[in-house]
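Asker: sequence first, predicted model second:
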Amino acid sequence: MKLAFLLFEYFPYGGLQRDMLAIAQAAVARGHQVTVFTRAWHGPAPEGPALETVPVGGASNHARDAAFAEAARARLTGFDRVVGFNKMPGLDWYYAADGCLADRYHGPKRWLPRYRSKLAMEAAVFEPDLSTGVLSISPRQRALYQRHYGTPDRRFVDLPPGIRRDRLLPEDFASRRARLRTELGVAETTPLLLFVGSGFRTKGLDRAIRALAGLGDDVRLFVVGDDDAGPYQRLAERLGMASRVRFMGGQDNVPDWLWSADLLLHPAYAENTGTVLLEAAIAGLPVLTTSACGYAGYIRDADMGAVLDDPTPAALTAAASRLLLQPRDQWRERGRTFAADADIYSLVDHAVDAIEARPHGAATAGESA
């Protein structure tokens, strides 16, 4: 089949972007022809799928999003399936990595151009009389979409997590841990906290920095992710912790960071899933997170850290102190058990299976709706 994958913008360290590329490459491996349409691609060209950039104008992000959706649609004749990784009209399948905007946008601001445009794009996927299939990765968000739009059950396919097995704790983890910590100038006895993510605001980096302020002076926080570090560097400076927080930018060797750290801090304000939580767990790294994360239940059920409903700085500091006191070998053993027992690896295969199947009542790109 000829498959069109639509994505507003690609950058190498985004979770949605990584999922899109993994699904595209898996579809190519099954013999399908995949073309990725995007308005901007940052990084090396993809291996496997073809790439077409669709440059568009617009004075704002929402205007560029709408312009891209319109311009890309004109290029879709002849494709058997159109798969969107952002919300837009005319999709056969939507990969639902983003949360429900109708649940977040309240009051008069819903009528401002930015919010009105985004809500219209969301409605063009979820309105009950449409036929777009939804690849759902969060039961919580699925319930919100159905509450606000009345989208019927038959249009959803629930996907399990899709954790990469290269995060599993390897036999030589100790030497790799020692090597990275030596490069960083961090002794084995120095507690190393890790924050991973490219959305510093929603993933709660401010909370992580404030929690660090209540821990011992020897504790260090390393931030791995591609985002604007300025406001958070200034926060660390105001709290007198500039020397204890290091911003490393986007990194390709995330597994080494997971094996080298002593605690993952992920005190998110909002997180549809939270893939890094499960990546840390199978790496044997304890996790401190919030109940706002879709995958937080896995951490709670596997006893692989702590999940806070009210993540005040004091509560985060107390939980971090408690988790750091438990022996690292104990966490690694729990991580191995979780990695062996949990169904958390097959998202990509299930997604391609669904795309190959025609969505319920959907018209393909070359047919009239």
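Answerer: In hand now; what should we look at?
Asker: do you know the pLDDT at the nearest residue to Phe247 once chain neighbours are set aside?
Answerer: Closest residue in space to Phe247, ignoring its immediate chain neighbours: Ala229 at 4.3 Å, by Cβ to Cβ, 6 or more residues apart in numbering. Yep, even glycine has a C-beta here, placed from its N, CA and C like the rest. We have a pLDDT of 96 for Ala229.
Asker: what about Ala229, how many residues nearby?
Answerer: 18 (other Cβ atoms under 10 Å).
Asker: so where do the helices sit in this structure?
Answerer: Assigned by DSSP state H, the chain shows helices spanning 15-29, 61-73, 113-126, 139-149, 173-184, 205-213, 230-238, 254-260, 275-282, 296-302, 313-325, 328-341, 347-356.
Asker: any idea of the mean pLDDT for the fourth one?
Answerer: For helix 139-149, the mean pLDDT works out to 95.
Asker: got it, and the third one?
Answerer: Model confidence over helix 113-126, given as mean pLDDT, is 94.
Asker: tell me what it is packed against?
Answerer: Counting contacts by 3 or more Cβ pairs under 8 Å, 6 or more residues apart in numbering; DSSP states H and E, helix 113-126 packs against helix 61-73, helix 139-149.
Asker: just the first one next, same as before
Answerer: In this structure, helix 15-29 packs against strand 2-10, strand 33-41, strand 93-96, helix 347-356, with contacts taken as 3+ Cβ pairs under 8 Å, 6+ apart.
Asker: what sits up against that helix?
Answerer: Contacts to helix 15-29, defined as Cβ atoms under 8 Å, 6 or more residues apart in numbering, come from residues 3, 5, 7, 10-12, 34, 36, 46-49, 83, 85, 95, 97-98, 162, 198, 273, 275-276, 347-349, 351-352, 355.
Asker: of those residues, select the buried ones using a PyMOL command.
Answerer: Restricted to buried positions by 16 or more other Cβ atoms under 10 Å, the PyMOL selection for the contacts of helix 15-29 reads:
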select buried, resi 3+5+7+10+34+36+46+49+83+85+95+97+98+162+198+273+275+276+347+348+351+352+355
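Asker: burial check on Trp41, number of neighbours?
Answerer: Neighbour count for Trp41, taken as other Cβ under 10 Å: 18.
Asker: list the contacts of it.
Answerer: In this structure, Trp41 makes contact with 9-10, 51, 53, judged by Cβ under 8 Å, 6+ apart.
Asker: now with 10 Å, please.
Answerer: Residues counted as contacts of Trp41 (Cβ atoms under 10 Å, 6 or more residues apart in numbering) are 7, 9-12, 17, 51-53.
Asker: closest to Pro255 among those?
Answerer: Using Cβ to Cβ, the shortest approach to Pro255 within the contacts of Trp41 belongs to Pro12, at 15.7 Å.
Asker: against Asp252, how distant is that closest one?
Answerer: Distance, Pro12 to Asp252, by Cβ to Cβ, to the nearest Å: 8 Å.
Asker: hey, what's in contact with both of those two?
Answerer: What both Pro12 and Asp252 touch, as defined by Cβ under 10 Å, 6+ apart, is an empty set.
Asker: about what we covered before: possible to save the helices and strands packed on helix 15-29 as TSV with distance to Ala67?
Answerer: Formatted as TSV, these follow (distance: least, Cβ to Cβ, whole Å):
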stretch	distance to Ala67
strand 2-10	10
strand 33-41	8
strand 93-96	19
helix 347-356	26
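Asker: now render those as TSV, adding mean pLDDT and distance to Arg177.
Answerer: Formatted as TSV, the helices and strands packed on helix 15-29 follow (pLDDT from 0 to 100; distance: least, Cβ to Cβ, whole Å):
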stretch	mean pLDDT	distance to Arg177
strand 2-10	97	32
strand 33-41	97	34
strand 93-96	97	34
helix 347-356	97	28
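Asker: Asp228 contacts Arg201, correct?
Answerer: Yes - with contact defined as Cβ atoms under 10 Å, Asp228 counts as touching Arg201 (9.2 Å).
Asker: the two: which is more packed in?
Answerer: Taking neighbours as other Cβ under 10 Å, Asp228 and Arg201 compare with Arg201 leading, 14 against 9.
Asker: just give the nearest non-adjacent residue to the more buried one, would you?
Answerer: Spatial nearest neighbour of Arg201, excluding adjacent residues (Cβ to Cβ, 6+ apart): Tyr269 at 7.6 Å.
Asker: got the phi and psi for Asp343?
Answerer: Main-chain torsions, Asp343, degrees, to the nearest 10: phi -90, psi 90.
Asker: the chain should start at 891 in everything you say after this.
Answerer: Sure thing, new numbering starts at 891, so read that last one as Asp1233.
Asker: so what's it up against?
Answerer: Shown in contact with Asp1233 (Cβ under 10 Å, 6+ apart): 1050-1051.
Asker: where does the chain have low pLDDT?
Answerer: Regions of the chain meeting the criterion pLDDT under 70 cover residues 1249-1259.
Asker: what's the domain layout of it?
Answerer: Here the domain parsing of the chain from automatic domain parsing is 892-1050+1236-1246, 1055-1231.
Asker: separation between the residue nearest to Arg1091 and Ser1028?
Answerer: 16 Å.
Asker: ok, those two, which is more surrounded?
Answerer: Shown here are Tyr1159 and Ser1028; by other Cβ under 10 Å, Ser1028 has more neighbours (23 against 15).
Asker: so what does the more buried one look like in phi/psi?
Answerer: Dihedral angles of Ser1028 (phi, psi; degrees, to the nearest 10) stand at phi -140, psi 110.
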